[in-house]
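In: this is a predicted model, with the sequence first.
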Amino acid sequence: MRTQTRIPSRQLLGTLFVVFACLAGAIAQNRGADVAKIVYSFDGAHGMPLSECHLETMRCRRQPEMDVAANGKRVVQITRQDVVVFDESGKRLRSTPTDEFIRKAGLDPMPPAPKTPNPQAGHGPFEPHVIFDEFIGRWIISVTCHSDCLLVSASANPLGPWGGVYLSCAQGGPCLNYDPALHVGFDKNGLYYCGAHVGDHNPNGVPGAAYDCLAIPADEVHAIAQGKLPEHLARQHNMPLNVQPAIDHNPRKGRSDPALFMAKTCRHEKPNSCLVDSNYPFEWLVSTLTWEGSSGKFTDIGEEQKIKTDVGSKENKWLYNFPCCGPRSAMPQAGTDLPLRSGASSRLMDLVQHGSHLYGVISSGPCTHDCGAQGTDKNNVLFWVDLDCSNVEACVVEQTGKIAGDDILPLAPTIGVDNDGNIGIVAASASSKTYLSVLLWTRRNTDPPGTLRGPMTVAAGTQPYTCPPADGVTLTGNAAGLLTALDPSDRTKLWVTEQWANHAEQCVWDTRIIEYQIAAK
């Protein structure tokens, strides 16, 4: 005998409302699905249960700090917890704890104790990146460890041996040995590596904090796999705060063509203004490195190009604001009162060069008053930019745009450009109506300038992500930037990883790995 449960009419109406809202949201969130094809989508690493997490010896809580790269045969994902190798279809071939992986490469994974109290600092590596440099056929990992760890594979097979060095300690250092937020880029000529140097100064940033950038000739990167420091190393102190080196996949790049670096300005007279600011009309900063034999010459400090953000760079359009919402910069999520906060929200998250153009994306809080051409918003926004650097000494904004929405609070954005100049932007997002999900925006190279299609939901969260720390918010995403990887075996395809919510257990974060393709018109 089957028992029927009667649903009260008010409850039924409420249930139907939720169903229709979800359907409407699904339709709205998949605009642009005719433009982008999801080639692969599979689960990456996920966090461990609190019962297995020992905070005194490991970094097993908070956000995953994920990154991914691919070479056409293998996919490598790194988080602060694990280094995982997959085949292209998502079959897991090997998973190694990140600290163990670093030890096997001959380095010490444990950063020194911080100068300020932090219950998680000093307990294992963090802020990792991974790339595959197709010009030298090597995988490269950067990660904060005992000093700064730079690891290189001995071959194109990531399952083979790796070696590493403390690169910033070379030539008398100083070693960047605590929270340097390492950024990495490459081109046909070299490998570029930038990290925070407390105590340095750049006039376009805040006092007492700047970046060091280091450049290695391409033919000297291989030796790092045997634990050997490069013989030649260009280094520049006092670079702009949070500067990103570009990734340039151009196989025809000339030896005299410069490598490009980019950041944004911060209000110089205001401490911590790169994050905590209101209605600041920032500008883009572009620096260069030009190779001269085995040595490289950087732009002189303070001589970086300052580029206004509107199309044509005649005036500033975008205003940086402290991220939403409230003094803790915490955004709502469906199904819980515990809000989310991004690990980083004021940095240029990655930088891609395609031909003579630079492409970047950055997060900001909403502008709510006196917003001018930007317009007002109630949620966080993204700004993306296409800089034309045909004249490398006078880059100019060719196109730019804002990503915003009433039910979108984007975080951890990353931008990719395929071989045809099509653009993809991927970000995580949550709201009071949605769980933490992964969204995709695209732009064909034939679309009207400054326009994007989307968002398309490529991984829909299934429940809230909760990991309550002392201040009552859950940290998410990646604190040091997130790279989109061009597949070198098929340069119409792009790989990315993001965090999403798919576990009910507290502090068990989830990541998704996605390969997508932007369809030709």
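Out: That came in fine, so what should we check first?
In: which residues are in contact with the helix or strand containing residue 68?
Out: Taking DSSP states H and E as the definition, one finds residue 68 inside strand 67-70. With contact meaning Cβ atoms under 8 Å, 6 or more residues apart in numbering, strand 67-70 is reached by 44, 75-79, 88, 128-132, 139, 478, 482-483, 485, 487-488, 495-497, 513, 515. Heads up, the C-betas are built off the backbone N, CA and C, glycines and all.
In: relative to residue 237, how far out is residue 176?
Out: In this structure, residue 176 lies at 11 Å from residue 237, with Cβ to Cβ, to the nearest Å as the measure.
In: need the overlap of contacts for these two.
Out: Residues touching both residue 176 and residue 237 by Cβ under 8 Å, 6+ apart: 197, 212.
In: hey, where'd the helices end up in the stretch 301-450 of the chain?
Out: Assignment of helices within the stretch 301-450 of the chain using DSSP state H, counting those that start in this stretch yields no ranges at all.
In: number of nearby residues for the closest residue to residue 461 other than its chain neighbours?
Out: Spatial nearest neighbour of residue 461, excluding adjacent residues (Cβ to Cβ, 6 or more residues apart in numbering): residue 435 at 2.9 Å. Using other Cβ atoms under 10 Å as the criterion, residue 435 is surrounded by 20 other residues.
In: check residue 269 too.
Out: Residue 269 has 8 neighbours, counted by other Cβ under 10 Å.
In: that one: what secondary structure?
Out: Secondary structure assignment for residue 269 (DSSP: H, G, I helix; E, B strand; the rest coil): coil.
In: how far away is it from residue 205?
Out: In this structure, residue 269 and residue 205 are 11 Å apart, going by Cβ to Cβ.
In: now swap in residue 91 and tell me
Out: Residue 91 sits 44 Å away from residue 205 when distances are taken as Cβ to Cβ.
In: who has more neighbours, the two?
Out: Remark: of residue 91 and residue 205, residue 205 carries more neighbours, 26 against 10, as counted by other Cβ under 10 Å.
In: the more buried one and residue 268 touch, don't they?
Out: Yes: checked against Cβ atoms under 8 Å, the pair residue 205 and residue 268 is within contact range at 7.0 Å.
In: pLDDT at residue 349, what is it?
Out: If you check residue 349, the pLDDT there is 89.
In: what number of residues lie near it?
Out: 27.
In: the residue lying closest to it once chain neighbours are set aside: how many residues sit nearby?
Out: For residue 349, the nearest residue in space outside its immediate sequence neighbours is residue 481; the separation is 4.7 Å by Cβ to Cβ, 6+ apart. Counted with other Cβ under 10 Å, the burial measure for residue 481 works out to 24 neighbours.
In: ok, residue 372 next?
Out: The number of residues packed around residue 372, counting by other Cβ under 10 Å, is 13.
In: what about it, distance to residue 279?
Out: As defined by Cβ to Cβ, residue 372 lies at a distance of 9 Å from residue 279.
In: joint contacts of the two?
Out: With contacts taken as Cβ under 8 Å, 6+ apart, the residues that reach both residue 372 and residue 279 are residue 319.
In: isn't residue 490 up against residue 73?
Out: No: with contacts counted by Cβ under 8 Å, residue 490 stays clear of residue 73, the gap being 11.5 Å.
In: comparing the two, which residue is more hemmed in?
Out: Counting neighbours by other Cβ under 10 Å for residue 490 and for residue 73 shows that residue 490 has the greater number, 15 against 11.
In: wait, doesn't residue 186 sit right on residue 129?
Out: No: with contact defined as Cβ under 8 Å, residue 186 does not reach residue 129; the gap is 11.2 Å.
In: now do the shared contacts for these two.
Out: Among the neighbours of residue 186, none is also in contact with residue 129 (Cβ under 8 Å, 6+ apart).
In: list of residues touching the strand or helix carrying residue 288?
Out: Residue 288 belongs to strand 284-292 when assigned by DSSP H and E. Outside of strand 284-292, the residues within contact range by Cβ under 8 Å, 6+ apart are 189-190, 192, 204, 213, 215, 217, 234, 236, 239-240, 243, 255-256, 258-265, 296-299, 304-307, 309, 358, 360, 385, 387, 389, 392, 395, 397.
In: would you tell me what the next helix or strand after it is?
Out: On the C-terminal side of strand 284-292, the nearest following helix or strand under DSSP H and E is strand 295-298.
In: in its sheet, what does that next one sit against?
Out: The sheet places strand 295-298 alongside strand 284-292 (antiparallel), with pairing taken from DSSP bridges.
In: which residues of the stretch 251-400 of the chain score low on pLDDT?
Out: Within the stretch 251-400 of the chain, the stretches with pLDDT under 70 are 343-345.
In: quick one: low-confidence residue ranges for the stretch 101-250 of the chain.
Out: Counting by pLDDT under 70, the stretch 101-250 of the chain contains low-confidence residues at 113-122.
In: helices along that one, start to end?
Out: Assigned helices in the stretch 101-250 of the chain: none (criterion: DSSP H, counting those that start in this stretch).
In: residue ranges of the strands in it, please?
Out: Using DSSP state E, counting those that start in this stretch, the strands assigned to the stretch 101-250 of the chain run over residues 126-133, 138-144, 148-153, 162-165, 183-186, 190-198, 209-217, 234-239, 244-245, 247-248.
In: can I get these in a markdown table including distance to residue 326 and mean neighbour count?
Out: Supplementary listing: the strands of the stretch 101-250 of the chain in a markdown table, determined by distance: least, Cβ to Cβ, whole Å; neighbours: other Cβ atoms under 10 Å:
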| stretch | distance to residue 326 | mean neighbour count |
| --- | --- | --- |
| strand 126-133 | 26 | 25 |
| strand 138-144 | 29 | 26 |
| strand 148-153 | 34 | 26 |
| strand 162-165 | 41 | 23 |
| strand 183-186 | 29 | 27 |
| strand 190-198 | 27 | 24 |
| strand 209-217 | 25 | 24 |
| strand 234-239 | 33 | 20 |
| strand 244-245 | 29 | 28 |
| strand 247-248 | 35 | 23 |
